[in-house]
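Undergrad: need a 3D model of the sequence below.
(chains A and B)
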Amino acid sequence: MKTLLSLVVWFVLWEIAGRLKLSTIVPPFSAVIEAGIEIAPTERFAKAAIITLRSFGLGMGLALAVGIPLGVVMARVKGVGRLLGMWVNIFVSAPISALVPILMAVVGIGETTVVVTVFLFAVFVITLDTQVGITHADRSLVEMARSFGASRRQLYSKVLLLSALPEILAGVRLGAIRGVKGVVIGQLLVAIIGVGELFEVYSNNFLMEEFWALVVIVFLFAFAVSEAIAALERRVEYYAASR
Amino acid sequence: MTEAIVEVKGIGKTYDNGVEALRDVNLSFPKGQLSTLLGPSGCGKTTLLKIIAGLIPRNAGEVLVKGKPVEGPGAERAFVFQDFALLPWADVLRNVAFGLELRGTPRPEREEVARKYIAEVGLKGFEHRYPAQLSGGMRQRVGLARALTVDADIILMDEPFSSVDEQTRRKFQEDLLDLLRHHQKTVIFVTHSIEEAAYLSDQIALLSPRPGRVSKIVRPNVDHSRSPDEIRRDRGYLDTVDEIWGMLRQYV
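TA: You can find the predicted model right below:
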């Protein structure tokens, strides 16, 4: 309810600023909504959305497939943790966008670059959070499982991963948010595919209503992804709180 | 004297940080009896218990179970943890059945066994509660039921009552004596409470601190078949408490 009120206030302010014509790059909010309704059903938008979602999905899938196992190994094998820990920590805070031009040179200008960008944006925070979760997994639970004869596989599947689930999910949520940034930044820099291409077209032709509509859509998507994972996190909260 | 089911011979343990926790510990634990490892904190009693459990490696000596040397945990030993070690995401039923789950016992079968022991430790009706919804005493009952469910001959208990309030502890001790007598288990029990040791034990091994060694073995002259209130006023019980205190006071 509070968020809704806050949104309404800001949209009203936006609308007023737009109607006062304070700046040519700020159209009224209502015009943005109209533009959004106009572009959403077009084939061009659908194509861009599909490409974007595909890049995002592939990049995130890779980030999960690499990040979670890597975090587990880093937590469980001391040598690997020491060897990679510093690098993961550097990359988790590094401006990955700066690498995208290099990526374009290496893997070419196209969807692959965007997928790799999403991957690089998301993977490090997932690795780091998984490592923290597994490292802090209750040691007495591990001891308990061993005392009852747990095999190595059972130790991971029935104790360690579940124990680290709250941290892993937090990492996945942060990774997904970064992934959305990654897909947009990647496409903007590549500039010939997906939503990035649309952004490019709208801003070059000064179609500010459409431009802002696209911004709102991307924001909504990022928000929805994050909320979906947050809902999953709340489901495991009951035991995270009791640890 | 009844035959020993667990023997430790010449056990030594030095931690990586150079602290010598145990030196040349020799003990035997009679079958079907409750033996206590008692000593001040830092005497290595939990370390010794975990070495018997096969949970931490030793530097010297050997552990014999039923006459055979053992390395690592085994199905004939079950552990009850000081901090309960319950899976927070699993309900009571799954926690109690967890030992059997790890052994691959089919679900209906392991749940049937688990239900039986849940009832025996007095938690009937709580099968689908989660650990966070239970009191400390109830959580430890879950831990005990889990150890009973795997049907090990030897139950190793690491200060199981230390995180439990006083009234609950008394009741729990009485229930424990009943249960163990009924199931003919051999119990090795770690505690720092002299009263608890004297009340529960057939045999008490007193450990001296740093490095832990066996300083004396006391066999309390207490008739465990009598009622708890009688035991607590019993001459033999009170003498045992005094005797142990007389020996331990030099360490504190």
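Undergrad: flag the shaky bits of chain A, pLDDT-wise.
TA: Scanning chain A for pLDDT under 70 picks out A:191, A:237-243.
Undergrad: mind listing the helices in it by residue range?
TA: With DSSP state H as the definition, chain A shows helices at residue ranges A:2-19, A:29-39, A:43-76, A:78-93, A:100-107, A:111-135, A:139-147, A:152-154, A:161-190, A:194-204, A:208-240.
Undergrad: tell me which residues in the shortest one are buried?
TA: Same thing as helix A:152-154. Buried residues in helix A:152-154, counting neighbours by 16 or more other Cβ atoms under 10 Å in any protein chain shown, are found at A:Gln154. Using the backbone N, CA and C atoms, a C-beta is placed for each residue, glycine as well.
Undergrad: same thing with the fifth one?
TA: Buried residues in helix A:100-107, counted by 16+ other Cβ under 10 Å: A:Val100, A:Leu103, A:Met104.
Undergrad: what does the longest one give?
TA: Using 16+ other Cβ under 10 Å as the test for burial, helix A:43-76 gives A:45, A:48-49, A:51-52, A:55-56, A:58-60, A:62-64, A:67-68, A:70-76.
Undergrad: need the residues of chain B near chain A, please.
TA: With Cβ under 8 Å from any Cβ of the partner chain as the criterion, chain B meets chain A at residues B:50, B:53-55, B:73-75, B:77-79, B:81, B:83, B:85, B:87-89, B:98-99, B:101-103, B:130-132, B:146, B:150.
Undergrad: now, those that are in strands?
TA: Among those, DSSP state E puts B:Arg77, B:Ala78, B:Phe79 in strands.
Undergrad: can you pull the contacts of the second one?
TA: Pointing back at B:Ala78 there. If you count contacts by Cβ atoms under 8 Å, 6 or more residues apart in numbering or on different chains, B:Ala78 has them with A:Ser147, A:Phe148, B:Gly99, B:Arg146, B:Ala147, B:Leu148, B:Val150, B:Ala152, B:Ile154, B:Ile155, B:Leu156.
Undergrad: what do you get if the cut-off is 7 Å, keeping everything else the same?
TA: For B:Ala78, the contacting residues are B:Gly99, B:Ala147, B:Val150, B:Ala152, B:Ile155, taking Cβ atoms under 7 Å, 6 or more residues apart in numbering or on different chains as the criterion.
Undergrad: just checking, B:Tyr130 touches B:Arg94?
TA: No. In this structure, B:Tyr130 is not within contact of B:Arg94 by Cβ atoms under 7 Å, at 9.8 Å.
Undergrad: now do B:Leu180 against B:Lys66, distance only.
TA: Plainly put, B:Leu180 is 18 Å away from B:Lys66 if you go by Cβ to Cβ, to the nearest Å.
Undergrad: comparing those two, which residue is more hemmed in?
TA: The residue with more neighbours, out of B:Leu180 and B:Lys66 and counting by other Cβ atoms under 10 Å in any protein chain shown, is B:Leu180; that gives 21 against 15.
Undergrad: which outside residues touch the helix or strand harbouring the more buried one?
TA: Assigned by DSSP states H and E, B:Leu180 belongs to helix B:166-183. Helix B:166-183 is touched from outside by B:34, B:120, B:122, B:137, B:140, B:148, B:161, B:164, B:187, B:196, B:199-200, B:224, B:228, with contacts defined as Cβ under 7 Å, 6+ apart.
Undergrad: helices - which of these land there?
TA: Counting by DSSP H, those contribute B:Glu120, B:Gly137, B:Gln140, B:Leu148, B:Glu196, B:Tyr199, B:Leu200, B:Pro228 to helices.
Undergrad: among those, who's most crowded?
TA: The member of those surrounded by the most neighbours (other Cβ under 10 Å) is B:Gln140, with 28 neighbours in all.
Undergrad: pretty sure it contacts B:Ala85?
TA: No. Contact criterion Cβ under 7 Å: B:Gln140 and B:Ala85 do not qualify, at 10.3 Å.
Undergrad: make TSV from the ones in strands among the residues of chain B next to chain A and add distance to A:Leu155 and pLDDT to it.
TA: Listed next are those as TSV, based on distance: Cβ to Cβ, whole Å; pLDDT from 0 to 100:
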residue	distance to A:Leu155	pLDDT
B:Arg77	18	89
B:Ala78	17	90
B:Phe79	15	91
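Undergrad: out of those, who's nearest A:Ile96?
TA: Distance to A:Ile96, by Cβ to Cβ, is smallest for B:Phe79 among those, at 46.8 Å.
Undergrad: so in terms of bridging, what pairs with that closest one?
TA: On the basis of DSSP bridges, B:Phe79 is bridged to B:Leu156.
Undergrad: surely it and B:Leu156 touch.
TA: Yes. At 4.8 Å, B:Phe79 and B:Leu156 qualify as touching, with contact defined as Cβ under 7 Å.
Undergrad: overlap of the contact sets of these two?
TA: Taking Cβ under 7 Å, 6+ apart as the contact definition, B:Phe79 and B:Leu156 share the neighbouring residues B:Ala53.
Undergrad: close enough to count as contact, A:Ile193 and A:Ile109?
TA: No. Shown here, A:Ile193 and A:Ile109 do not form a contact pair, counting by Cβ under 7 Å, at 8.9 Å.
Undergrad: ok, those two, which is more surrounded?
TA: In terms of neighbours (other Cβ under 10 Å), A:Ile193 is the more surrounded of A:Ile193 and A:Ile109; the figures are 21 against 15.
Undergrad: contacts only, for the more buried one.
TA: A:Ile51, A:Gly110, A:Glu111, A:Val114, A:Gln187.
Undergrad: could you chop chain A up by domain?
TA: Structurally, chain A divides into domains by automatic domain parsing as follows: A:1-39, A:42-240.
Undergrad: pass me the low-pLDDT residue ranges in the stretch 151-252 of chain B, would you?
TA: Across the stretch 151-252 of chain B (using pLDDT under 70), the flagged ranges come out as B:251-252.
Undergrad: please identify the most buried of the domains of chain A.
TA: domain A:42-240 (a mean of 19; mean count of other Cβ atoms under 10 Å in any protein chain shown).
Undergrad: for chain A, what's the nearest residue on chain B?
TA: Here chain B gets closest to chain A at one residue, B:Ala132, 3.4 Å apart by Cβ to the nearest Cβ.
Undergrad: pretty sure that residue sits against B:Trp89.
TA: No. Taking contact to mean Cβ under 7 Å, the distance of 10.0 Å between B:Ala132 and B:Trp89 leaves them out of contact.
Undergrad: so the two - more neighbours on which side?
TA: With other Cβ under 10 Å as the criterion, B:Ala132 and B:Trp89 differ in neighbour count, and B:Trp89 comes out ahead with 20 against 14.
Undergrad: next, that one: phi, psi?
TA: In this entry, B:Trp89 is assigned phi and psi values of phi -90, psi 0 (degrees, to the nearest 10).
Undergrad: contacts only, for the spatially closest residue to B:Gly212 that is not a sequence neighbour.
TA: Distances taken as Cβ to Cβ, 6 or more residues apart in numbering or on different chains put B:Gly44 closest to B:Gly212, at 3.1 Å, once the chain neighbours are dropped. By Cβ under 7 Å, 6+ apart, B:Gly44 lies in contact with B:Lys13, B:Ala21, B:Leu22, B:Leu207, B:Pro211, B:Gly212.
Undergrad: give me the number of residues near the first one?
TA: So the one you mean is B:Lys13. For B:Lys13, the neighbour count with other Cβ under 10 Å is 23.
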